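Chemist: Provide a 3D model corresponding to the input given below.
(one chain, ligands or ions: 1)
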Amino acid sequence: MSREARIHLLVGGVASAACLAAGAAYSLRSPFPGWWPLGTFLFVATLLEGLTTTRLRVAARGSTSFVMHLAAALLFGGFWAGVVAGVSTFLGELSRANSSLKIAFNVSQRILSVSLAVSAYILAGGELPPAYLSVDGALSSAAVQRDLGLFFLFATVYFLVNSISVSSAVALSSDRAFREVWNLNTRGVLGYDLGASAIAVLVAWLYTRFDHWLGFGSIGLIGVILPIIAVRHIYGLYHQLQDSGQELLQVMVKAIEARDPYTSGHSVRVSELSRTIAVELGLPAREVEQIETAALLHDVGKIHEEFAPLLRKEGRLTPEETALMQTHSAKSAELVGIISKFKGFIQDSVRHHHERWDGEGYPVGLSGKNIPLGSRIILISDTIDAMTTDRPYRKRLPLEIVIAELQKCKGTQFDADLVEVVVSSVGVRRLIAGPSAELEHREVMPGRSRRVSWPAGALWKIRGA
Ligand SMILES: [Fe+2]
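Modeler: As a prediction, the model looks like this:
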């Protein structure tokens, strides 16, 4: 089945599931709340929908409108919360001129998330509206505790459905494994989102109080919007911080390439290959990300002035020049270590990226598993890229020769287990077979179009253009 067909099937499946879930939620306590409350929640949710934050390294976008979806669900039930979620998402998507397929998917997955979450909450014994929102003063503490506990079940189901459906769509549309995208999208985020979702309880509580005493007027609206804007601001600061880190990496990579034009794009390709191998090994997402960064920076030490004449030299290097050149990995590690968060795993992976399995490499002569895994992966990726790109003295080598070369050097230069993973992996083979076609149109930073992520938060949707 083609990728297009699979994406259409996914969108159709999510849309059908959303209709069924909304129907089920309607039959499970969802009386019409009235036009004024519905309109108010729709207005605020649509407003927040416009204040989205984009994650550069995954094709997803987040917004804090989920707070209004969850609050609406607590007050009005799953069906009307689905109406708030669906309509506000639709209006937000229209303003971004997204394709109709993306609009259909994003509207459907949000209706599905909120409807399923409410159904799970009610089926688990939760009350709507919850006991803690009661305004008549006759509160049963057992009921309050039960409904507060079940709120976290409700929010967990909501974020799970949201992240699973969005990760499926991102995985399908970017040819990446679901598990990888889901890990990257959700790792470290779920707890954060659950914490932020408690604001929905506050919003619902404020709504019931102001509704009871004053009617849900401007004071109530400000009380609702301010904490949400604050959360959104924190998300925004977090993303700005992460983006500035990415920009710094981009500067470093550009600096290496300016020094050594023959290796234009080399760092990015080695980084891509290393990431693919690390994913194939089933490493945790954080380690994958660190190996990708180490691979990107493995030759950054070559920007030192002393290497300039060696990089420009046309013929073979003399033994003295070779010895000097071999100090580049230690120099790279030194530079990488200036950034405190790169100390440790990333710095070690960079320092030892020319160590050989048989101990004949440099700078230290480590052997076997004493060589950091990141370094062993980078060495294979580095070698593959050298063989699969055109050089002044020869054309790129075909896949069979690359694989034969890797097999020949396993146990001496390379980790034999890693070579087996590389030659049997479809993803790696695809990159080896056509690295130029796959990678040459990418920007210098691999993350800009699609890839690894960091803990963030909020509700994610597939990104528009
Ligand atoms: Fe190197």
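Chemist: I figured residue 72 hits residue 78, correct?
Modeler: No: between residue 72 and residue 78 there is no contact under C-beta atoms under 8 Å: 9.4 Å. All C-beta spots, glycine's among them, are computed from the backbone N, C-alpha and C.
Chemist: joint contacts of these two?
Modeler: Counting by C-beta atoms under 8 Å, 6 or more residues apart in numbering, the shared contacts of residue 72 and residue 78 are residue 114.
Chemist: Tally up the residues packed near the spatially closest residue to residue 133 that is not a sequence neighbour, please.
Modeler: Nearest non-adjacent residue to residue 133, counting by C-beta to C-beta, 6 or more residues apart in numbering: residue 208, 4.9 Å away. By other C-beta atoms under 10 Å, 19 other residues sit near residue 208.
Chemist: What's the per-residue pLDDT of residue 208 here?
Modeler: On the pLDDT scale, residue 208 is placed at 78.
Chemist: For it, what are phi and psi?
Modeler: As for residue 208, its main-chain torsions (degrees, to the nearest 10) stand at phi -70, psi -40.
Chemist: didn't it look like it was pressed against residue 130?
Modeler: No: shown here, residue 208 and residue 130 do not form a contact pair, counting by C-beta under 8 Å, at 10.0 Å.
Chemist: can I see the domain layout of the chain?
Modeler: With domains defined by automatic domain parsing, the chain comprises 3-241+456-462, 266-439.
Chemist: right, and those domains - which one's nearest residue 248?
Modeler: domain 266-439 (7.6 Å; C-beta to C-beta).
Chemist: Would you pull up how far that closest one lies from the middle of the chain?
Modeler: From the chain centre to the centre of domain 266-439 is a distance of 24 Å (C-alpha atoms, centre = their mean, to the nearest Å).
Chemist: Could you check how many residues crowd around residue 386?
Modeler: Neighbours of residue 386 under the rule other C-beta under 10 Å: 15.
Chemist: Which helix or strand contains it?
Modeler: Assigned by DSSP states H and E, residue 386 belongs to helix 373-387.
Chemist: And that helix, what's buried?
Modeler: 373-385, 387 (16 or more other C-beta atoms under 10 Å).
Chemist: between these, which is nearest residue 306?
Modeler: Residue 306 lies nearest to residue 382 out of the buried residues of helix 373-387, by C-beta to C-beta, at 21.0 Å.
Chemist: pretty sure that closest one contacts residue 298?
Modeler: Yes: using C-beta under 8 Å, residue 382 makes contact with residue 298 at a distance of 6.9 Å.
Chemist: What segments of the stretch 51-200 of the chain are helices?
Modeler: 66-76, 78-95, 100-123, 141-174, 178-186, 190-213 (DSSP state H, counting those that start in this stretch).
Chemist: Quick one, which of those helices gets closest to residue 319.
Modeler: Minimum separation from residue 319 across those (C-beta to C-beta) falls at helix 178-186, 44.0 Å.
Chemist: could I get the domains of the chain as JSON lines with distance to residue 260?
Modeler: As requested, the domains of the chain are exported to JSON lines (distance: least, C-beta to C-beta, whole Å):
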{"stretch": "domain 3-241+456-462", "distance to residue 260": "26"}
{"stretch": "domain 266-439", "distance to residue 260": "5"}
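Chemist: Single out the most deeply packed of the helices of the stretch 51-200 of the chain.
Modeler: Greatest average neighbour count among the helices of the stretch 51-200 of the chain goes to helix 66-76 (a mean of 28), per mean count of other C-beta atoms under 10 Å.
Chemist: Extract the C-alpha set from that helix and format it as PDB.
Modeler: Extracted C-alpha coordinates of helix 66-76, given in PDB (Å, rounded to 0.1, in the frame of the first residue of the first chain):
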ATOM      1  CA  PHE A  66      -6.400  21.700  25.400                       C
ATOM      2  CA  VAL A  67      -7.100  23.400  28.800                       C
ATOM      3  CA  MET A  68     -10.400  24.600  27.500                       C
ATOM      4  CA  HIS A  69     -11.300  21.200  25.900                       C
ATOM      5  CA  LEU A  70     -10.700  19.500  29.300                       C
ATOM      6  CA  ALA A  71     -12.500  22.200  31.300                       C
ATOM      7  CA  ALA A  72     -15.500  22.000  28.900                       C
ATOM      8  CA  ALA A  73     -15.500  18.200  29.300                       C
ATOM      9  CA  LEU A  74     -15.700  18.500  33.100                       C
ATOM     10  CA  LEU A  75     -18.600  21.000  32.900                       C
ATOM     11  CA  PHE A  76     -20.600  20.000  29.800                       C
END
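Chemist: Need the contact partners of stretch 358-376.
Modeler: Applying C-beta under 8 Å, 6+ apart, the contact partners of stretch 358-376 are 274, 283, 287, 290-291, 294-295, 326-327, 329-330, 345-346, 348-357, 379, 411-415, 418.
Chemist: Which PyMOL command selects the buried ones in those?
Modeler: In PyMOL, this line selects whichever of the contacts of stretch 358-376 come out buried by 16+ other C-beta under 10 Å:
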select buried, resi 274+283+290+291+294+295+327+329+330+345+346+348+349+350+351+352+353+354+355+356+357+379+413+414+415+418
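Chemist: Give me the subset of the contacts of stretch 358-376 lying in helices.
Modeler: Residues of the contacts of stretch 358-376 located in helices (DSSP state H): 274, 287, 290-291, 294-295, 329-330, 345-346, 348-351, 379, 418.
Chemist: give me phi/psi at the spatially closest residue to residue 252 that is not a sequence neighbour?
Modeler: Distances taken as C-beta to C-beta, 6+ apart put residue 300 closest to residue 252, at 5.5 Å, once the chain neighbours are dropped. Note on residue 300: its backbone torsions stand at phi -60, psi -20 [degrees, to the nearest 10].
Chemist: Check the gap between residue 300 and residue 166 for me.
Modeler: From residue 300 across to residue 166, the span is 34 Å (C-beta to C-beta, to the nearest Å).
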